[in-house]
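In: Got a predicted structure plus its sequence, pasted below:
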4 protein chains.
Amino acid sequence: MDIKSILKKINEPEKPKVKKVIIAYSGGLDSSLGLALLKHVYKAEEILAVTLDIGQGEDEIKMAMEKAKKLDISPKLIDKKKEFTEEWIALAIMANSDYLGYPVSTSMTRQIIAKEVAIIGTKEGCDAVLEGSSGKGNDQYRMHNVFKLFAPELNVLVPVRDFDLSRAEEEELCRYWGIPITETIRGGDDKTMWCRSIASGAIEINQELPSDIWMWYVPPEKANEKGEILEIEFKEGIPISLNGSKAPLSEIVPSLNTIGGRNGIGKIDIIEDGIMDLKSREIYEAPAAKILLTLHRDLEQLCLTKDEVQFKKGIDQIWAYLIYHGKAFHPLKEDLDAFIRQSQKVVNGKYKVLLYKGNIEIISRESDSSLFYPEIRSIKTGGFDQRICANAAKIMGLPFEILAKRKEKIRS
Amino acid sequence: MDIKSILKKINEPEKPKVKKVIIAYSGGLDSSLGLALLKHVYKAEEILAVTLDIGQGEDEIKMAMEKAKKLDISPKLIDKKKEFTEEWIALAIMANSDYLGYPVSTSMTRQIIAKEVAIIGTKEGCDAVLEGSSGKGNDQYRMHNVFKLFAPELNVLVPVRDFDLSRAEEEELCRYWGIPITETIRGGDDKTMWCRSIASGAIEINQELPSDIWMWYVPPEKANEKGEILEIEFKEGIPISLNGSKAPLSEIVPSLNTIGGRNGIGKIDIIEDGIMDLKSREIYEAPAAKILLTLHRDLEQLCLTKDEVQFKKGIDQIWAYLIYHGKAFHPLKEDLDAFIRQSQKVVNGKYKVLLYKGNIEIISRESDSSLFYPEIRSIKTGGFDQRICANAAKIMGLPFEILAKRKEKIRS
Amino acid sequence: MDIKSILKKINEPEKPKVKKVIIAYSGGLDSSLGLALLKHVYKAEEILAVTLDIGQGEDEIKMAMEKAKKLDISPKLIDKKKEFTEEWIALAIMANSDYLGYPVSTSMTRQIIAKEVAIIGTKEGCDAVLEGSSGKGNDQYRMHNVFKLFAPELNVLVPVRDFDLSRAEEEELCRYWGIPITETIRGGDDKTMWCRSIASGAIEINQELPSDIWMWYVPPEKANEKGEILEIEFKEGIPISLNGSKAPLSEIVPSLNTIGGRNGIGKIDIIEDGIMDLKSREIYEAPAAKILLTLHRDLEQLCLTKDEVQFKKGIDQIWAYLIYHGKAFHPLKEDLDAFIRQSQKVVNGKYKVLLYKGNIEIISRESDSSLFYPEIRSIKTGGFDQRICANAAKIMGLPFEILAKRKEKIRS
Amino acid sequence: MDIKSILKKINEPEKPKVKKVIIAYSGGLDSSLGLALLKHVYKAEEILAVTLDIGQGEDEIKMAMEKAKKLDISPKLIDKKKEFTEEWIALAIMANSDYLGYPVSTSMTRQIIAKEVAIIGTKEGCDAVLEGSSGKGNDQYRMHNVFKLFAPELNVLVPVRDFDLSRAEEEELCRYWGIPITETIRGGDDKTMWCRSIASGAIEINQELPSDIWMWYVPPEKANEKGEILEIEFKEGIPISLNGSKAPLSEIVPSLNTIGGRNGIGKIDIIEDGIMDLKSREIYEAPAAKILLTLHRDLEQLCLTKDEVQFKKGIDQIWAYLIYHGKAFHPLKEDLDAFIRQSQKVVNGKYKVLLYKGNIEIISRESDSSLFYPEIRSIKTGGFDQRICANAAKIMGLPFEILAKRKEKIRS
């Protein structure tokens, strides 16, 4: 691999003429290289870089901004933390978000970013948008869909995919143009406060995981010896306080990542079906999601009717599926949201829970809107006379009486 | 509560005339009392007692047989372990059996027993069957359905419910008739090799669990310090070997109860919706089920297509729901079985797994029929040229282009 | 059957003591007899009769009021037509209401009535409510559920069921107490503007239907020779105009019953699964429902995304199931409503349709919010270059490449 | 459009080197042109043409064979009628096949053809397969999937799409190479005995349909004045006799197309969601399918349990969806088949039905395996005492008592 052949690869293909291009700049390799490509290859006249704070943490934002200086750009910093937590993570909790074990996170943020970029790009008169997805993964589909919905007239530039660049070639180009390479983990690391995905798609089926890849998670063997007790309160399906103090979700989630992680909670190691139906082994780290989803599911079992609990499983399944498959702004997702929000009005309660070496043990459940009424079954309070069940059993058993009659009829 | 008023309660109501009655005798309080009631209250001329070995363990069988001597009966012992494991537990594994966290177990055995009893009762010319369910729980419905299907002509006697007896009254009657009371846990303890249910329905919402109620489970704090590594092989969805040795399911399951339990695995503490839609807190203990279901689900994710994985969730949900709701012999259950069995033909593979203080960590996955082909995404093997995804994204994004057009049209 | 034995049947059983009882009086046999029973048998001190106008038609209301005079009561007349059409029929249309071919109608009105009666009864200090359901049908469950939800403290009196009265016995009692018998059709005729049910449950499997049972429907052979053309406009899923004139649903529906009926539309003859799982042959007459549901379904296919069309089928199925099964006020129904209402925001359009001897032929479809964009496929407008589909086919076909690889692997 | 530019279009692009190519020859424009392209453009050394008899009718087969002579090829004729009817149409009936109103037909035959061609092509040592799909429709995806599954090593040539040919250009090429153009209807007419699709994708939203496009269907206005009465018997879900004579499905279906058509039955005019989510108006003609599916659905309501009827709706929906979306050989389809076949074992019965000007009126239903037992509800036979329903209502209404308690609790 020499630089010449790489330069040929990117210079030869015909490219759309672009004047003003918007790019979502994260400080990572893909978007940093994207900036250089806009200048050197697409020959953009004007570049509009925006950086979205989606809860990746202050360090990462700072790093991005420092690197931006070196690249000689001043990205516009837009704070999306409130929207991400209050509109997206909140719904993910209400929807018990779970796609094959993954609580869908990057799936959400990519689409939030794409929407913001599409809207700003259109308002600012851009004629193209550049994004750094590779052509092997899911993000290209997610971002494409959102761009087409909110800015159908923008040209979408996806250089890594469209010039068929490998990771090594990208790095070579960075070196060539003097772009600092700050990442160490390869293959698609992405961090949000809801879930961090590690080396997406690059991990082999039986590859052992190095112990230093974790940010929050401590393996049970090394976790806190005593465990920790937490108290979490939910209102209308959403956590509103931690250990007795009211706090917004944007604070509760990071706290739980720290606390859960040090108690051995949050590792996810699954076989995942990608958008193109390709299976990959995926590693995630999501202590807060694991705790909140465990408790929320339990709380729903306390507060929702049996019929709702059963039916909502299908609602939740398709909700996560849509988010994962790049349909965060699809009308069906809005229909599902309406169902989900309506169902959550009575999902209120307080949990005390022990975190211990990977285990989440519920110590107590309290809820003013629970449907748990043991006194109905209790003899003392005369909830109901058990003799009446004899008749209920007869009526509920009628289908079996009929099936027996048919068996008899067919036999004869 | 004096014995006279209890005797009045059971003697006063009109009772069906019965001659020869079959009873499933387990040695427990309900069936022991049932025997006495048949003699003293229903005035049965002949009693046919059968005891089913459904994997409750040799101790329990032995206890039942010894107690039988004292009660002066000789129950016919019928071994149903093979059927229970090979036809029922096997399917429960294939179906990822899960009703709100409970792997459905007593739900199965009650119906297996009811079927056996119904068939023998009919063959032996009985005119009634007696069973010990209370009128507060699920079992009465389960047994009623199965009796009505396989022996619709038999009178079903459910004295505890139909005489409205409380547990205390039952015990009083036992003392009165000299029936030894051998049980210590109250409220519906039931043990099968697949899952043990503890004090069913009697546990309060925030009641602390005494540490001595467990048979297999050791809380993580007291579990094995080192953990244990297991190797399990599945063929067509069913475990066929443990740690390298082929073994039938009827051996693998008990072994895993022991091993899993001592490593902190198997406690289930859930809010459950009963057949009558009443919520109760239920405590179960099921180390083997927890391990096997975790691995089977993972293996399915490796071997089934994405479409199957998604659709089978709904199949599995209704499967467990039917079993729980007393429909183990319902035609829909047979239809689901056909689906499930067909889907399992490629669910083959071998897992190495670390059990450690409540955690089940997969160390390696191997499968000859997996659909994991990372080389397709890999650049080296030229699986596919990532540039072609640009067009796929365009086509798959068409719905969003159309939605954008509509937005535009509506706006104008 | 002599009157003495009937009187014995109703006088002997123990009855709850009631002071002030509310009754939904329709003028039919059941509620008229109910009034007499309250006086003569339950010995109610005070009776509060309410009559609900739910669109059964002026004739029926008038008949009820005249009969009331003879019975010496003055029922309070409450107009529920607006609520019935705007809250219930409207949603039935949006939900493509269909339970095995039946557009659920009495299922709705019984529950609307029960709710109203429960609320008034509570407010007026009643201690009981009397309703006329038999113990063989669905309505007893529907009314019971609603009473228990909105007036759990009221005693529910269901004399026909609880005294085990047959229809003939009811009539005998009416004659005995001098209550005029005004009905001619037996077995549960019930008319609402949405659907009329005929002789519910009493029709034999292959019984020929007398030609004079229909109110609106004219069999195709005798229907209008020329047919009629209609224009109907929908807004947010609800019909808002007929033949160019805006009109409320409470006018459109009756008009369509007349017009549809005379063109051979509206007969329903199905095998139905009742609440107790008993199958019966049911005959309904619902010209307006048939027309509106046909067009609404077609309009949804024009305006909703493919994903919504597919998923909403399951939503609609459970919606009708809940209504039918007496769960019109169940929380799950409210969750479904939220989904359905959200989905209908773009269901706008105008249909021209020919009704001819039982056929509903769509002549034209117009919609400002349709998702029908044929120009995208058209070459002329350059919607998309068909060559790009080669790559889309490759990507969408990847699962089959992988399945082929597995077949190869397993074979070898 | 001149021939030179068309020739340039097909000669310029780089083409895979092919030696021996298999082609499914139907006699239509696409496959006839395909033959010429193989010779003149792809320079195939050897061409293997196969023609599949899939019930398109003797006329069409004869026409194809005569045209073949002119084209100087001798296609191998393979009879697939038996497989098509007994394996595919039979299952379509059992599955109540319905994709948005379309009984899925071409969707099936394309995949049956592709499988046959793939297998023969592989066996005969071909290195490529040519098929005539355009790049605007569904068939390209269907055939691609099947080729990739059964002959992944074959090059797939799709010239119309890959050279971006319009219909006019195809015709121009035919004239240039002297290929007779025998078709008159444009836009994708396709006939099978199960359903004929007319001008697929080319019909505008409000275009009036010419009266001469129908093969079987006669509009109600011109249909038979008297109607016709039919008798059809089903065994295990499949029609086995017509008007009292046993006959294979391959005879029953064509007969019903004739009889149904002349009685105004079989027109389908729907808005359809294509594989690429593009909506189109589609016109089909399927008298036999309409009759058989109407009766089969009714028969299922008679013979299946309520739970099966409800659950099977979802099974049927996904079944048709998979077939339509090119997944006729997908493992999930096989799993669904297993469910469906199991469910049909009791779907036996005989129907008498009047066809009259578009209406299908059931005159009588007979079945030995029906679950219709009206005597259970009948008082005379003492099926059940209606008084017992009081208790059943209480138990089934418990969830509402609990909801009322919660309302009270929240209020206070």
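Out: Perfect, thanks for sending it. Numbering: from 1, shown residues only, chains lettered A, B, ... in the order given.
In: Pull the lowest-mean-pLDDT helix or strand in chain A out as CSV, backbone CA atoms only.
Out: Using mean pLDDT, DSSP states H and E, strand A:196-203 stands out as the lowest-scoring helix or strand of chain A, at a mean of 85. Output in CSV follows, covering the C-alpha atoms of strand A:196-203 (Å, rounded to 0.1, in the frame of the first residue of the first chain):
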residue,chain,number,x,y,z
ARG,A,196,-20.5,2.4,24.4
SER,A,197,-19.9,0.1,21.4
ILE,A,198,-16.4,-1.4,21.2
ALA,A,199,-14.6,-2.3,18.0
SER,A,200,-17.8,-2.8,16.2
GLY,A,201,-17.7,-5.7,13.8
ALA,A,202,-14.0,-6.3,14.2
ILE,A,203,-14.0,-8.8,17.0
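In: what's the domain layout of chain A?
Out: Domain assignment for chain A by automatic domain parsing gives A:3-187, A:191-366, A:374-411.
In: avg pLDDT for the first one?
Out: With pLDDT averaged residue by residue, domain A:3-187 scores 93.
In: so, in contact with chain B or not, that domain?
Out: Yes. Using CB under 8 Å from any CB of the partner chain, domain A:3-187 reaches chain B at A:100, A:134-136, A:140-141, A:144-146, A:148-150, A:152, A:158, A:160-162, A:164, A:166. (Each C-beta comes from the backbone N, C-alpha and C, glycine too.)
In: cool, and the shortest one?
Out: Yes. In terms of CB under 8 Å from any CB, part of domain A:374-411 sits within range of chain B, namely A:374, A:376-377, A:379, A:385-390, A:392-394, A:396-397, A:399-401, A:403-405, A:407.
In: about what we covered before: adjacent strands (with direction) for the helix or strand following the least confident helix or strand of chain A?
Out: Helices and strands here follow DSSP states H and E; after strand A:196-203, the next one along the chain is strand A:228-235. Paired neighbours of strand A:228-235 in the sheet (DSSP bridges): strand A:238-242 (antiparallel), strand A:349-356 (antiparallel).
In: and strand A:228-235, how far out from the chain's middle?
Out: The chain centre lies 22 Å from the centre of strand A:228-235; the measure is CA atoms, centre = their mean, to the nearest Å.
In: Now that strand: buried residues?
Out: A:Leu230, A:Glu231, A:Ile232, A:Glu233, A:Phe234 (16 or more other CB atoms under 10 Å in any protein chain shown).
In: Which residue, neighbours along the chain excluded, lies closest to the residue most central in space within chain A?
Out: In chain A, the C-alpha nearest the mean C-alpha coordinate belongs to A:Ser105, at 1.3 Å (CA atoms, centre = their mean). Excluding its sequence neighbours, the residue lying closest to A:Ser105 (CB to CB, 6 or more residues apart in numbering or on different chains) is A:Cys195, at 3.6 Å.
In: okay but the residue nearest to the centre of chain A is in contact with A:Ile198, surely?
Out: No. If you go by CB atoms under 8 Å, A:Ser105 and A:Ile198 don't touch, sitting 11.9 Å apart.
In: Could you tell me which residues touch both of those two?
Out: Residues within reach of A:Ser105 and of A:Ile198 at once, by CB atoms under 8 Å, 6 or more residues apart in numbering or on different chains, are A:Tyr284.
In: Quickly check: stretch A:154-169 near chain C or not.
Out: No. Applying CB under 8 Å from any CB, one finds stretch A:154-169 out of contact with chain C, separated by at least 11.9 Å.
In: got the end-to-end distance for that stretch?
Out: 27 Å (CA to CA, to the nearest Å).
In: buried stuff in that stretch?
Out: Buried, per 16+ other CB under 10 Å, within stretch A:154-169: A:154-165, A:167, A:169.
In: Please convert those residues to a markdown table, extending it with secondary structure.
Out: Shown next, in a markdown table, are the buried residues of stretch A:154-169 (DSSP: H, G, I helix; E, B strand; the rest coil):
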| residue | secondary structure |
| --- | --- |
| A:Leu154 | coil |
| A:Asn155 | strand |
| A:Val156 | strand |
| A:Leu157 | strand |
| A:Val158 | coil |
| A:Pro159 | helix |
| A:Val160 | helix |
| A:Arg161 | helix |
| A:Asp162 | helix |
| A:Phe163 | coil |
| A:Asp164 | coil |
| A:Leu165 | coil |
| A:Arg167 | helix |
| A:Glu169 | helix |
